[in-house]
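Asker: got a structure for you, letters missing:
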C-alpha cells in the first residue's frame, strides 16, 4: 500500500506527516484490497481541512473530507469516516452472493410439492 501525505497552501510538519502515515496505514485492516492512500491537508483562515482519497481494487475510490480547528483532529475524523466506508463496503462485498432470505420461487415450489391446491383449501 502506497501512502502520500501532502499539503495545499501550507507546509506540513514532520510530526503531522508521521501521524498521518500511522493512521492511514491502519485503513488496510478494514479492507485489505486498498492500493493507495492520499492524504491532503489544506489550511484556511481559522481551520484545517483534511481529505483522504483511498483507491482499491476494481477502480473503487473512497473519499472523506473533514474540517477542524486542529489538523490532528481533522485527520482523526476523516480516518473514522473512511473506516466506516471501508467496513461497510467490505460487508456488502462479502455478502453480495448470499441474499437475506429465501428466494420467492422456492416458496412457490414448496406449496406445489405438498399437493395442496386452492380447491382443496375451500
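Answerer: Sure thing, it's come through. Everything numeric in this text was worked out from a predicted model, so none of it was measured. Numbers count the residues shown, from 1 in each chain.

Asker: buried residues, the biggest helix by length in the chain. List them.
Answerer: The longest helix of the chain (DSSP state H) is helix 71-94. By 16 or more other C-beta atoms under 10 Å, the buried positions in helix 71-94 come out as 71, 74-79, 81-83, 85-86, 89. Placement of C-beta: from N, CA and C, glycine included.

Asker: in this structure, which spans are strands?
Answerer: Secondary structure of the chain (DSSP state E): strands at 2-8, 34-43, 48-56, 60-68.

Asker: which of those strands is buried the deepest?
Answerer: strand 48-56 (a mean of 20; mean count of other C-beta atoms under 10 Å).

Asker: what packs against it?
Answerer: Packing partners of strand 48-56 (3 or more C-beta pairs under 8 Å, 6 or more residues apart in numbering; DSSP states H and E): strand 34-43, strand 60-68, helix 71-94.

Asker: tell me the pLDDT of residue 33.
Answerer: For residue 33, the pLDDT comes out at 90.

Asker: what's the answer for residue 72, then?
Answerer: 96.

Asker: with adjacent residues omitted, what lies nearest to it?
Answerer: Nearest non-adjacent residue to residue 72, counting by C-beta to C-beta, 6 or more residues apart in numbering: residue 19, 6.4 Å away.

Asker: ok, that neighbour touching residue 70?
Answerer: No: here residue 19 does not reach residue 70: they are 11.6 Å apart, not a contact under C-beta atoms under 8 Å.

Asker: who has more neighbours, these two?
Answerer: The neighbour count for residue 19 versus residue 70, taken as other C-beta atoms under 10 Å, is higher for residue 19 (16 against 10).

Asker: thanks again, I'm all set now.
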